[in-house]
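Undergrad: Build me a structure from this.
(chains A and B)
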Amino acid sequence: MKSLVMIPAYNEEKNIVKTVQDIQENAPDFDYIIINDCSQDHTLELCREKGLHVLNLPVNLGIGGAVQTGYRYAAQNGYDVAVQFDGDGQHDAAYLADMRKKLVDEGLDMVIGSRFLLHEGFQSSSARRIGIRYFTGLIRFSTGKKITDPTSGMRMANRSVIETFAEDYPKDYPEPESVVCLLRRGRRVGEAPVKMRERENGKSSISFTKSIYYMCKVTFAILIENMRRY
Amino acid sequence: MWKLQMIGAAFLLLGMLYIIRLVRKRKMELKYALPWLAVSFAALIVDCFPKILSVIAGILGIATPVNALYLVAFLFSVCLLFALTVIVSRQSERIKQLVQSAALCEERVKRLEAELAGKKCDTDKETKRKAPDGE
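TA: Alright, predicted model coming up:
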């Protein structure tokens, strides 16, 4: 089973090598590809120097565009499974095998790595958790499915979802919206418990002032997604 | 009164000439220049025959003709801005797809180059190894 780890990276020179080492040690049968989203630091130079596999976006596209590049790469190169994995050291490659087992054994289309199934590891700030719970409620209200961690960036897709996302993926703040997009298309989405680490270097892409905009935008995105017909 | 009209007409004609010059130099696409030319032309006609404004104001039930002018100008601006927003959205989607394709192609070229270089080394070794056997 050809499996790929997709690592979107924007200014991750401090974390990227460690992330790749984590994957090579703890998930050795996964290939990986870094998507450098036009970093301003030396992420690209570092990747080239160490001979890491990297897709280099010549123009900054933001997280959605970067992740979609990974899905297009997976679609083009015949991968059966592709998993999004943050380049900032938050995610732990040791869980990838379990996630894939769940994906295959339960015949799911997507498995999301959730921090809130076992309540272990870094649980995010309380303000963020309120926001996450709000999205859980909104998704449950609109699709009837309970997703405990809809903003998790650690998510694994099977071939059919790889092909769907290669064609069509939201641009910014894509996580909750893309889950709704799958549920609306009748795909089976499940969650696997994972532990996440607090990020060591770099900060969240979402600052406090942006979070209001984030909540409004994602709410509208989910509502409009529910009006689409597939 | 006609002095102001002359000045207005002069400005409008200059503006139209400028737009045509940009199109000629390919700095503006004719497709996007047409609405501007059309509105300049319409403004020129209104400038020459101001009675038109009173007629429009009469039809719409607006007391002063100048307010009819403001209304029409405002509606035109909003329509144009809206059309531009639609165009920007389409452009941004196309740029995204192009950037992704460029990155995917570049990676593929690098990978194939490396493969080719590796094969070349292999064949070099093979020919070297085979050479003594042949003798």
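
Undergrad: Going by C-alpha atoms from here, please, whenever you check contacts or count neighbours.
TA: Fine.

Undergrad: Can you list the low-confidence ranges for chain B?
TA: Residue ranges of chain B with pLDDT under 70: B:1, B:123-135.

Undergrad: just to confirm, which helix or strand has the nearest residue to A:Val20 once chain neighbours are set aside in it?
TA: Nearest residue to A:Val20, sequence neighbours excluded (CA to CA, 6 or more residues apart in numbering or on different chains): A:Tyr32, at 7.7 Å. Following DSSP states H and E, one finds A:Tyr32 within strand A:31-36.

Undergrad: and that strand, which strands flank it?
TA: Strand pairing for strand A:31-36, using DSSP bridges, gives strand A:3-9 (parallel), strand A:54-56 (parallel).

Undergrad: Switch the ones you listed over to a markdown table; also include distance to A:Thr143 and mean pLDDT.
TA: A markdown table is the format used below for the strands paired with strand A:31-36 (distance: least, CA to CA, whole Å; pLDDT from 0 to 100):
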| stretch | distance to A:Thr143 | mean pLDDT |
| --- | --- | --- |
| strand A:3-9 | 27 | 97 |
| strand A:54-56 | 35 | 96 |
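
Undergrad: So A:Leu61 sits against B:Gln97, correct?
TA: No - if you go by CA atoms under 8 Å, A:Leu61 and B:Gln97 don't touch, sitting 9.9 Å apart.

Undergrad: which strands and helices sit next to the lowest-mean-pLDDT helix or strand in chain A?
TA: Sorting the helices and strands of chain A by mean pLDDT, DSSP states H and E puts helix A:208-225 at the bottom, at a mean of 89. Helices and strands touching helix A:208-225, by 3 or more CA pairs under 8 Å, 6 or more residues apart in numbering or on different chains; DSSP states H and E, are helix A:126-143, helix A:174-184.

Undergrad: Tell me the buried residues in it?
TA: Neighbour counts over helix A:208-225 (16 or more other CA atoms under 10 Å in any protein chain shown) mark A:214-215, A:218-219, A:221-223, A:225 as buried.

Undergrad: and if you look at stretch A:89-100?
TA: Within stretch A:89-100, the residues that count as buried by 16+ other CA under 10 Å are A:89-96, A:99-100.

Undergrad: CA atoms of stretch A:112-128 as PDB?
TA: C-alpha atoms of stretch A:112-128 as PDB (Å, rounded to 0.1, in the frame of the first residue of the first chain):
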ATOM      1  CA  ILE A 112      -8.800  12.500  11.400                       C
ATOM      2  CA  GLY A 113      -6.200  12.500  14.200                       C
ATOM      3  CA  SER A 114      -8.200  13.800  17.200                       C
ATOM      4  CA  ARG A 115      -6.700  15.300  20.400                       C
ATOM      5  CA  PHE A 116     -10.000  15.000  22.200                       C
ATOM      6  CA  LEU A 117     -10.800  11.300  22.100                       C
ATOM      7  CA  LEU A 118      -8.400  10.400  24.900                       C
ATOM      8  CA  HIS A 119      -7.700  13.900  26.200                       C
ATOM      9  CA  GLU A 120      -4.000  13.200  26.300                       C
ATOM     10  CA  GLY A 121      -1.100  15.400  25.200                       C
ATOM     11  CA  PHE A 122      -1.400  19.100  24.300                       C
ATOM     12  CA  GLN A 123      -5.000  20.100  24.500                       C
ATOM     13  CA  SER A 124      -4.800  23.600  23.000                       C
ATOM     14  CA  SER A 125      -5.800  26.700  25.000                       C
ATOM     15  CA  SER A 126      -9.200  26.900  26.500                       C
ATOM     16  CA  ALA A 127     -10.300  29.700  24.200                       C
ATOM     17  CA  ARG A 128      -9.400  27.600  21.200                       C
END
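
Undergrad: and for that stretch, what are the contacting residues?
TA: Stretch A:112-128 is contacted from outside by A:99, A:129, A:148-150, A:152-156, A:189-198, using CA atoms under 8 Å, 6 or more residues apart in numbering or on different chains.

Undergrad: Would you mind listing what in chain A touches chain B?
TA: Applying CA under 8 Å from any CA of the partner chain, one finds that chain A approaches chain B through A:54-59, A:61, A:65-66, A:69, A:73.

Undergrad: count of residues packed around residue 61?
TA: This is for chain A. 22 (other CA atoms under 10 Å in any protein chain shown).

Undergrad: actually it's chain B I care about, not the one you picked
TA: The number of residues near B:Gly61, taken as other CA under 10 Å, comes to 11.

Undergrad: and if you look at the one 10 residues further on?
TA: By the other CA under 10 Å criterion, the neighbourhood of B:Leu71 contains 13 residues.

Undergrad: quick revisit: thought the residue nearest to A:Val20 was touching A:Leu4?
TA: Yes - in this structure A:Tyr32 lies within contact range of A:Leu4 using CA under 8 Å: 5.2 Å.
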